[in-house]
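Undergrad: Next input, structure requested:
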Amino acid sequence: MKKVIDTERIPIKLWLDEIDANTLQQAKNLANLPFAFKHICLMPDAHSGYGMPIGGVMATEGVIVPNAVGVDIGCGMCAVKTDLKNEPHIRKKLKDIVDDIRKIIPVGFSHHDNAQDENLMPQNYNIDNLYIIKNQYASALKQIGTLGGGNHFIEIQKDSEDIIWIMIHSGSRNLGKKVAEHYNNIAKNLNNLWYSSIDSKTDLAFLPFKTEEARKYYNEMKYCVDFAFANRQLILKRVQEVFVDYFPEINFGEIINIAHNYAQWENHFGKDVVVHRKGATSAHKGEIGIIPGSQGTNSYIVEGLGNPESFASCSHGAGRKMGRNEAIRTLDLEEEQRKLDRLGIVHAVRSKSDLEEAPSAYKNIAHVMANQEDLVKIKVELSPLAVVKG
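TA: From the prediction side, this is the model:
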């Protein structure tokens, strides 16, 4: 931990050196919520979001805040180790592999033309009890196995022993967005009805678990978390199929999966609380997680240290240092392309609009990792070979 701010109702604990005014104000808004528990945490990748900072962790007593989860519910990471060595004849095929991946994995706003197998969807739910899920189910069948846009990616990487890995970053697609917006609107309307003292300008409308609305949101949120994982699993399966086409003898290790936009009941400091992680990753003691870089930078497989001061959490990536519009406006396309070309990466910075996800738009991942040495330990360091961006 780098710093503690103790000017608000509860402290704000920071694992970063510098913080901009907007992010700090959002953290103060959290710290002054009457149901916020113990302290607020800002991970080393923190930056301003909608209502709650991305890279923020908040525990609450008996209350859930939809905007403290975010719109891409269950967004997260998957990684798998292969038994392929990073040898010249393999690297020569990476561009063809990336091209084939693009043919079978819809990106951006694109969906599948046909519904996918229902057995791929989360099981053990009665969707008749899930209002948004039921209404969006047919659309979700065409969204599962799609990458999405923004900072979502499929990355082919190598570790320090020159073994190739596959990493995927994607979420719950439009399904999570629909759930988030529906219940945030309900929360705002109820807060107005209750004459809540919480300023509506903070975008932190809440739902107490004593209400049916909170329980409904929680159940639909859990479905979205499971859907996001199912989405990553299908993407991974189809990426693996491409690799098998080129390397029939390839073997794959066990999947590592971790989400970074969700809320769940946990016990901290002797109390059952709802831990909201928005752009933050669970890092309980011994838990294996993933902290990705950004196209031209390293990613990490980590093991949680279970630090109670962070509610057993860590960062979810490098974190933005400039907004998307600022990146497009200020970064030089040719220079960003040269940086990636010099590293020999098959990359996705092809046009001016791609600059919003260029490595220079993000914080230094090595610095981010150094700032959370008390939260996780690095098990595997991965560097990129090829990237498919959403």
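Undergrad: going forward, measure contacts and count neighbours with C-alpha atoms only.
TA: Fine.
Undergrad: in the stretch 201-350 of the chain, which spans are strands?
TA: 207-208, 256-259, 261-268, 271-278, 280-282, 288-291, 299-304, 313-315 (DSSP state E, counting those that start in this stretch).
Undergrad: what bridges to the closest residue to Lys389 other than its chain neighbours?
TA: Leaving aside its sequence neighbours, Lys389 sits nearest to Phe153 (CA to CA, 6 or more residues apart in numbering; 4.5 Å). For Phe153, the beta-bridge partners under DSSP bridges are His169, Lys389.
Undergrad: Do I have it right that Gln116 meets Leu141?
TA: Yes - using CA atoms under 8 Å, Gln116 is in contact with Leu141, at 5.3 Å.
Undergrad: With just CA atoms, put stretch 243-256 into CSV.
TA: C-alpha atoms of stretch 243-256 as CSV (Å, rounded to 0.1, in the frame of the first residue of the first chain):
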residue,chain,number,x,y,z
PHE,A,243,-4.1,-24.2,-33.4
VAL,A,244,-4.9,-27.9,-33.9
ASP,A,245,-5.4,-27.3,-37.6
TYR,A,246,-1.8,-26.1,-37.8
PHE,A,247,-0.3,-28.3,-35.1
PRO,A,248,-2.3,-31.5,-34.8
GLU,A,249,-0.1,-32.9,-32.0
ILE,A,250,-0.6,-29.8,-29.7
ASN,A,251,-1.7,-30.3,-26.1
PHE,A,252,-3.4,-27.7,-23.9
GLY,A,253,-3.1,-27.3,-20.1
GLU,A,254,-5.9,-26.5,-17.7
ILE,A,255,-7.8,-23.2,-18.1
ILE,A,256,-7.2,-20.4,-15.7
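Undergrad: avg pLDDT for that stretch?
TA: Average pLDDT, stretch 243-256: 98.
Undergrad: which stretches of the chain form helices?
TA: Per DSSP state H, the chain carries helices over the ranges 21-31, 88-91, 94-104, 131-143, 173-193, 212-246, 324-330, 333-342, 365-370.
Undergrad: helices and strands around the fourth one, which ones?
TA: With contacts defined as 3 or more CA pairs under 8 Å, 6 or more residues apart in numbering; DSSP states H and E, the packing partners of helix 131-143 are helix 173-193, helix 212-246.
Undergrad: And the ones you listed: which comes nearest Pro122?
TA: Comparison of those against Pro122 by CA to CA identifies helix 212-246 as nearest, at 5.8 Å.
Undergrad: Report the buried residues of that closest one.
TA: Neighbour counts using 16 or more other CA atoms under 10 Å place 214, 216-218, 220-236, 239-240, 242-243 of helix 212-246 among the buried residues.
Undergrad: What is the end-to-end distance of stretch 61-76?
TA: This stretch, stretch 61-76, spans 25 Å end to end (CA to CA, to the nearest Å).
Undergrad: Measure how far that stretch is from the centre of its chain, please.
TA: Averaging C-alpha positions (CA atoms, centre = their mean, to the nearest Å) puts stretch 61-76 12 Å from its chain's average.
Undergrad: avg pLDDT for it?
TA: 98.
Undergrad: Likewise for stretch 80-90?
TA: 95.
Undergrad: residues in contact with Ile105?
TA: 145-147, 235, 238 (CA atoms under 8 Å, 6 or more residues apart in numbering).
Undergrad: rewinding a little: compare the helices and strands packed on helix 131-143 and give me the one nearest Trp165.
TA: Of the helices and strands packed on helix 131-143, nearest to Trp165 by CA to CA is helix 212-246, at 10.7 Å.
Undergrad: Local confidence estimate at Arg324?
TA: So Arg324 comes in at 85 (pLDDT).
Undergrad: And the nearest residue to it once chain neighbours are set aside, how far from Gly49?
TA: Of all residues not flanking Arg324 in the chain, Glu356 sits nearest, at 4.5 Å (CA to CA, 6+ apart). Counting by CA to CA, the gap between Glu356 and Gly49 amounts to 16 Å.
Undergrad: Among these two, which residue is more densely surrounded?
TA: Set side by side, Glu356 and Gly49 show more neighbours around Glu356, with 24 against 18, by other CA atoms under 10 Å.
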